[in-house]
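In: Structure for the following, please:
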Amino acid sequence: MTQSITSITALDNSITFLMGLAQKQYRALCTQRLMAEFDISLEMVGAMRVLQQLGCIPQQQLADVLKRNRSVVKRLVDNCIKRGLIEASKSDTNKKARMLSLTAEGQRINEACTPVINAISKEFFAVVSPQEQQQLMGVLKKLVRNDVRVD
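Out: Residues are numbered from 1 along each chain as shown. Below is the predicted model of the structure:
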């Protein structure tokens, strides 16, 4: 007999419900710690990691990489700018493009929050074997679509 999560059979047997619930629980654990220690969200970490790897890029490229809607990324970037994590400048070649780069503070916070996120992930996935984690990663990579943007 399988473990009941909700006591509602239709939900307990729904892959999408359980996948969403696990993702929300992980986000809640991360957000609680990241807000308490660094006053940032998991989404902000994602933006900082993109800029850390790619350097100065247009805001649209950040939205594309994160697979997020432009309006959501604008709010995300504005919140990062308020906290001094990201700076925006005008493009030399495209007057409409807003160029983004990581500040020194953004680099510092990005590096400082990595061990915190790693510790949360280690604890969260402790019930899943390394092989199961690899299988899960493979399945998720198959499910993620390039043509769908999210809020």
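
In: What segments of this structure are strands?
Out: Using DSSP state E, the strands of the chain run over 57-58, 86-90, 98-102.

In: would you turn these into a markdown table with mean neighbour count?
Out: C-beta coordinates here come from the backbone N, C-alpha and C atoms, glycine included. Converted to a markdown table, these look like this (neighbours: other Cβ atoms under 10 Å):
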| stretch | mean neighbour count |
| --- | --- |
| strand 57-58 | 16 |
| strand 86-90 | 15 |
| strand 98-102 | 19 |
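
In: mind putting these in TSV, mean pLDDT and distance to K141 included?
Out: TSV is the format used below for the strands of the chain (pLDDT from 0 to 100; distance: least, Cβ to Cβ, whole Å):
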stretch	mean pLDDT	distance to K141
strand 57-58	97	23
strand 86-90	96	27
strand 98-102	97	26
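
In: could the ones you listed go into JSON lines alongside distance to Q32?
Out: Compiled in JSON lines, the strands of the chain are given as follows (distance: least, Cβ to Cβ, whole Å):
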{"stretch": "strand 57-58", "distance to Q32": "30"}
{"stretch": "strand 86-90", "distance to Q32": "23"}
{"stretch": "strand 98-102", "distance to Q32": "24"}
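
In: L143: which of those strands is closest?
Out: Nearest to L143 among the strands of the chain is strand 57-58 (26.1 Å), distances taken as Cβ to Cβ.
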